[in-house]
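In: Could you look at this predicted model? Sequence included:
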Protein chains: 2
Amino acid sequence: MPKDTLHDGLIAPGFDEGSCLSRYQSNLYRKISPHKPSSYLLSRLRNYEHLHKKCGPHTKSYKTAMAQLKSSDQGNSSVGGSTECKYVVWISYSGLGNKILTITSAFLYALLTNRVLLVDRGKDMADLFCEPFPEKSWLLSKDFSIKEKFNKFDQKSPHCYGNMLKNKKNTSSELVPSFLYLHLAHDYDEQDKLFFCDEYQSLTGKVPWLIMRTDNYFVPSLFLMPSFEQELEKLFPEKETVFHHLGRYLFHPSNHVWGLITRYYLAHLAKADERIGIQVRTFESGPSPLQHVMNQIYACVFKEKLLPQVDKQKPVVTAPSGIPKLKSVLITSLTSGYSENMRNMYWEHPTVNGDLIGVFQPSHEGHQQTDKNLHDRKAWAEMYLLSLCDVLVTSAWSTFGYVAQGLGGLKPWILYKPENQTMPNPPCRQVMSMEPCFHAPPFYDCKAKRGVDTGALVPHVRHCEDMSWGLKLVGSHESHDQL
Amino acid sequence: MPKDTLHDGLIAPGFDEGSCLSRYQSNLYRKISPHKPSSYLLSRLRNYEHLHKKCGPHTKSYKTAMAQLKSSDQGNSSVGGSTECKYVVWISYSGLGNKILTITSAFLYALLTNRVLLVDRGKDMADLFCEPFPEKSWLLSKDFSIKEKFNKFDQKSPHCYGNMLKNKKNTSSELVPSFLYLHLAHDYDEQDKLFFCDEYQSLTGKVPWLIMRTDNYFVPSLFLMPSFEQELEKLFPEKETVFHHLGRYLFHPSNHVWGLITRYYLAHLAKADERIGIQVRTFESGPSPLQHVMNQIYACVFKEKLLPQVDKQKPVVTAPSGIPKLKSVLITSLTSGYSENMRNMYWEHPTVNGDLIGVFQPSHEGHQQTDKNLHDRKAWAEMYLLSLCDVLVTSAWSTFGYVAQGLGGLKPWILYKPENQTMPNPPCRQVMSMEPCFHAPPFYDCKAKRGVDTGALVPHVRHCEDMSWGLKLVGSHESHDQL
Ligand SMILES: Nc1nc2c(ncn2[C@@H]2O[C@H](COP(=O)(O)OP(=O)(O)O)[C@@H](O)[C@H]2O)c(=O)[nH]1
Ligand SMILES: Nc1nc2c(ncn2[C@@H]2O[C@H](COP(=O)(O)OP(=O)(O)O)[C@@H](O)[C@H]2O)c(=O)[nH]1
């Protein structure tokens, strides 16, 4: 196996190839990334894999930690603290794009705190992804004792860390609980957000089981915590590559999804001279946004010269060179109107430069159907297909698009969110970095104990292009750009 | 211009290239036909062009003939007979596939009777087709005097030949009318059908203007008329090539339609290793035929090995050679259900042999919208695109499919017409010849003056595969096959 099939060393050797074809075949579809993982990241990943092997499901350490959890769950006031292995348990929550980003966030947190990441399999995690770590599964074993309680954990649960802080209970005592529930979802409150203050990490640090529910890519806030600063600098000298590297490390499409990806790619995209991905996701309620969003897409791709305009006067235009370029447009959307409109336009009229444009949309599922097997497989396949494009246009606020851009190492043109059923002006802009946006970051200065604009503290954590209050990591070149 | 761009001599030299790109570019998209036109056909076409030039719109002869028509129309009992040029006027009628076949029939009749074909431009004939003859238009001039009456001509019109025969009027007298209306549509009666008896051709032969309304490809019945037998034998030694040659001679897509054809072909079909056209046309009323027709299509393409089956057990199948074939399926249909179903099947599952299948449908117009400009352009483009495929599956009874097969020189697998919402068994068969089917032929022995099975008189006129009472021309090889 040549070295580059292992993704610049991201992938540990020794996996079984047949059970996860994508791990070894993705290099046939992706261009080689210009971003190389640091050797420190690679060595930390190898260390993590070692830890995961030691602590993963069904190991002796796992059983010990489970036993402690179980006894505390049964009402014994047995406390944690002295287990050999500590865990972050990720609860399956929200849409698939969100899931991919939150698993990444949880994994980075685990890496920084020497914990082992375990993933709640939900309805289809095992169906969608290969195992990322050698030998031991990342999936929570089915007998995990408090799994049935996952769905009931909320901000008011007695084990919710934010709630405990509110009630000033337990948090500063010597008694370390065997598990904590961390509520880091969009609706989390001031106390829940204290998780991102170093001083509150001292307790969490001792708890063997941290159980986390989140729909946020909270990585940018980890970069604002002094305790992780040095380590993150070493792990990611190129700051805008966090999701790019960790996403490629963690998320390998299962064979079922790989079949969807490769068949679609080879039949529709492979032979084009250029591939343009357009991810259309609308969050407007009320009347169909088709008209103004369609206009916005055209305004964006024409203004930015991503696609050629059409000539409505001439029936045929010959490319000046005589050899027209073939561009394939991959549109993903829950509805079929956008691709039909564009396909018709490029069928009915020639482009001004004679280029040929094919427009393709794999599915139009109508509405979000999270956790339905085939639906989720297609959603994952489509994110991945977008990531294989050469140029990307994405929709504001959508983690679906963030995943595509991050895996692809692409800086998309992002379509601003329309307000009042009107096309924004300008329609889009190219993003500063390929990192996802953290949609609900804390605005709190832990030291000064007061509000602060967390998007103005350091050059590499900035507000997002598509959401003024969001935070994202940017590289050192981009951090001086004007928003 | 190399010789083969002129379609084996079918096309006369000297046309302006820019005004009709398809005439000179179609050879870039079509395989060379294995069927060569006879040199006699070529010389007769050159003669015809000469005649057309002499008699076409705005010539002196045309004006003379027009004047005669006008004066008779104004009630003068002026009679025809002595004009220099005689005409067949084709009335625009029925769907586009029908139109193409009936123009061809009228043209062959004109060729056999030394008449000049003039075409009623209807709503869009000029928009869809190039001029087929050099110098003089085939379109009826807009000032053609009795054009407004076209829509009113019917079986009961006094100038309807069948009606005249019914009333025993005028037909054997010395008085030759200046025009006759020939009603050769599906609802024509016994007297109308006498047109196909030699003895009744003696009057029609003298009439300067024959005005014809038909939705029938009546060529097979011309082959049963002794007076034309010798000439047809010389023109078409290969009998199943009548529409193949005349269709390629007459019907060149206008530049607008050529744009539709070439853009679609290059963006979706050109790069495939094989192109399979599937033309889906349903004539069932009542509940949607989607389910049983879809089943029928699969049953046909799998049984005849036109497309590979899918493997529903395996997520990925690798082609034994390592290099999968790419097959593009072009589906045409008024609705999108068939292509969506097939596209999903080949996306969700691998083929048993690892081949890749792309499924494409240019339009789904919902319902027939004859004579709407863009609708008809697309219909014509789709017939033509089907004709560029390597393999064809067509629907019973549809002239849309006949046009595609004839232009393409293809013997399609024809899907039998379902009865009672049930899939026929067998689902399809390959046709004996690429000729269209004459849907409403006469069953009359002109000599014996009694009914006869006209599909059993000569080896080269047989009943159609898709319509037991229809007639079609078959080649000498096929004429001994069992139906
Ligand atoms: N197949 C497909 N599913 C989509 C598309 N857009 C949204 N969805 C569905 O809706 C869900 C949206 O949730 P998520 O992936 O978290 O993205 P977000 O809501 O845009 O941030 C996806 O996971 C899919 O289930 C699309 O373009 N294609
Ligand atoms: N674009 C398009 N139009 C179709 C299709 N099938 C039927 N139509 C429309 O319906 C008409 C059918 O009439 P015709 O061409 O005479 O074919 P027939 O009725 O199948 O013999 C066409 O001319 C089109 O206007 C199709 O697959 N694609």
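Out: Nice, I can see it. Ligands and ions are numbered 1, 2, ... in the order given.
In: beta partners for whichever residue of the stretch 201-350 of chain A sits closest to ligand 1?
Out: In the stretch 201-350 of chain A, the residue found nearest to ligand 1 is A:T332; the distance is 3.5 Å by Cβ to the nearest ligand atom. (Glycine included, C-beta is placed from N, CA and C.) Applying DSSP bridges to A:T332 gives these bridge partners: A:Q279.
In: Which residues are in contact with it?
Out: When contacts are counted by Cβ atoms under 8 Å, 6 or more residues apart in numbering or on different chains, A:T332 is found next to A:G277, A:I278, A:Q279, A:V280, A:Q361, A:P362, A:S363, A:E382, A:M383, A:L385, A:L386, A:F400.
In: Look up how far ligand 2 lies from the last one.
Out: What that stands for is A:F400. If you measure A:F400 against ligand 2 using Cβ to the nearest ligand atom, to the nearest Å, the figure is 34 Å.
In: Can I take it that that residue is in a helix?
Out: Yes: secondary structure of A:F400 (DSSP: H, G, I helix; E, B strand; the rest coil): part of a helix.
In: I figured it was touching A:G97, is that so?
Out: Yes: checked against Cβ atoms under 8 Å, the pair A:F400 and A:G97 is within contact range at 3.9 Å.
In: what about whatever helix or strand A:S43 lives in, distance to the chain center?
Out: Taking DSSP states H and E as the definition, A:S43 sits inside helix A:39-55. Centroid displacement of helix A:39-55 relative to its chain, using Cα atoms, centre = their mean, to the nearest Å, is 21 Å.
In: Quick check: buried residues in the following helix or strand past that helix?
Out: Beyond helix A:39-55 on the C-terminal side, the first helix or strand identified by DSSP H and E is helix A:60-73. Neighbour-count burial for helix A:60-73, counted by 16 or more other Cβ atoms under 10 Å in any protein chain shown, picks out A:S61, A:Y62, A:T64, A:A65, A:M66, A:Q68, A:L69, A:S72.
In: same check, this time on stretch A:224-241
Out: Buried residues in stretch A:224-241 (16+ other Cβ under 10 Å): A:L224, A:M225, A:F228, A:L232, A:L235, A:F236, A:E238, A:K239, A:E240, A:T241.
In: contacts for it?
Out: Residues from elsewhere that reach stretch A:224-241, judged by Cβ under 8 Å, 6+ apart: A:35, A:37-38, A:40-41, A:44, A:111-112, A:196-198, A:201, A:222-223, A:242, A:245, A:433-435, A:454, A:457-458, A:460-461, A:473-476, A:478.
In: Swap in 7 Å and give it another go.
Out: A:35, A:38, A:40-41, A:44, A:112, A:196, A:198, A:201, A:222-223, A:242, A:433-435, A:454, A:457-458, A:460-461, A:473-475 (Cβ atoms under 7 Å, 6 or more residues apart in numbering or on different chains).
In: Please measure how far the first residue of it sits from its last one.
Out: One end of stretch A:224-241 sits 16 Å from the other (Cα to Cα, to the nearest Å).
In: which ones among the contacts of stretch A:224-241 are found in strands?
Out: Among the contacts of stretch A:224-241, the members found in strands (DSSP state E) are A:V461, A:L473.
In: PyMOL command for the buried members of the contacts of stretch A:224-241?
Out: Buried members of the contacts of stretch A:224-241, defined by 16+ other Cβ under 10 Å, are picked up in PyMOL with:
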select buried, chain A and resi 38+41+44+112+196+201+222+223+242+433+434+435+454+460+461+473+474+475
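In: Same list, the contacts of stretch A:224-241, but only the ones touching ligand 1.
Out: The subset of these within reach of ligand 1, counting by Cβ under 6 Å from any ligand atom, is empty.
In: Can you check the pLDDT for the spatially most central residue of chain A?
Out: Ranked by distance to the mean C-alpha position of chain A (Cα atoms, centre = their mean), the top residue is A:L101 at 2.7 Å. A:L101 is assigned 98 on the pLDDT scale.
In: quick one: secondary structure of whichever residue of the stretch 101-250 of chain A sits closest to chain B?
Out: The stretch 101-250 of chain A approaches chain B most closely through A:D127 (10.6 Å), counting by Cβ to the nearest Cβ. Assigned by three-state DSSP, the conformation of A:D127 is helix.
In: which parts of the stretch 1-150 of chain A sit against ligand 1?
Out: Counting by Cβ under 6 Å from any ligand atom, the stretch 1-150 of chain A sits next to ligand 1 at A:S94, A:G95, A:L96, A:G97, A:N98.
In: check contacts around the third one.
Out: What it means is A:L96. A:L96 touches A:T370, A:D376, A:A379, A:W380, counting by Cβ under 7 Å, 6+ apart.
In: Let's see which of these end up in helices.
Out: A:D376, A:A379, A:W380 (DSSP state H).
In: what's the neighbour count on the first one?
Out: Number of residues near A:D376 (other Cβ atoms under 10 Å in any protein chain shown) recorded here: 22.
In: now swap in the last one and tell me
Out: As a burial measure, A:W380 scores 27 neighbours (other Cβ under 10 Å).
In: Next: the second one.
Out: A:A379 is flanked by 26 other residues according to other Cβ under 10 Å.
In: Against A:W380, how distant is the nearest residue to it once chain neighbours are set aside?
Out: Computed as Cβ to Cβ, 6 or more residues apart in numbering or on different chains, the closest residue to A:A379 that is not its neighbour in sequence is A:L96, at 4.9 Å. Applying Cβ to Cβ, to the nearest Å, the value for A:L96 to A:W380 is 6 Å.
In: Find residues that contact each of the two.
Out: What both A:L96 and A:W380 touch, as defined by Cβ under 7 Å, 6+ apart, is an empty set.
In: How about the contacts made by the residue lying closest to A:C55 once chain neighbours are set aside?
Out: Residue nearest to A:C55 in three dimensions, not counting chain neighbours: A:C85, with 3.4 Å by Cβ to Cβ, 6+ apart. Shown in contact with A:C85 (Cβ under 7 Å, 6+ apart): A:K54, A:C55, A:S61, A:Y62, A:A65, A:V116.
In: before we move on, what SS does A:C85 have?
Out: A:C85 ends up coil, using three-state DSSP.
In: now swap in A:F150 and tell me
Out: Three-state call for A:F150 (three-state DSSP): helix.
In: just checking, A:S333 touches A:V280?
Out: Yes: using Cβ atoms under 7 Å, A:S333 is in contact with A:V280, at 3.9 Å.
In: more neighbours, those two?
Out: A direct count of neighbours by other Cβ under 10 Å for A:S333 and A:V280 places A:V280 higher, at 26 against 21.
In: Next, find the distance separating the more buried one from A:R343.
Out: Using Cβ to Cβ, A:V280 is found at 14 Å from A:R343.
In: try A:H268
Out: In this view, A:H268 and A:R343 are 12 Å apart by Cβ to Cβ.
In: just A:H463 next, same as before
Out: Distance from A:H463 to A:R343, by Cβ to Cβ: 36 Å.
In: For chain A, which residue gets nearest to ligand 2?
Out: Taking Cβ to the nearest ligand atom, chain A has A:W347 as its residue nearest ligand 2, at 11.5 Å.
In: ok, that residue touching B:Y265?
Out: No: under the criterion of Cβ under 7 Å, A:W347 makes no contact with B:Y265, lying 11.0 Å away.
In: coming back round to it: which of the residues of the stretch 1-150 of chain A next to ligand 1 are buried? Put it as a PyMOL command.
Out: In PyMOL syntax, the buried subset of these is picked out as below (16+ other Cβ under 10 Å):
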select buried, chain A and resi 94+95+96+97+98
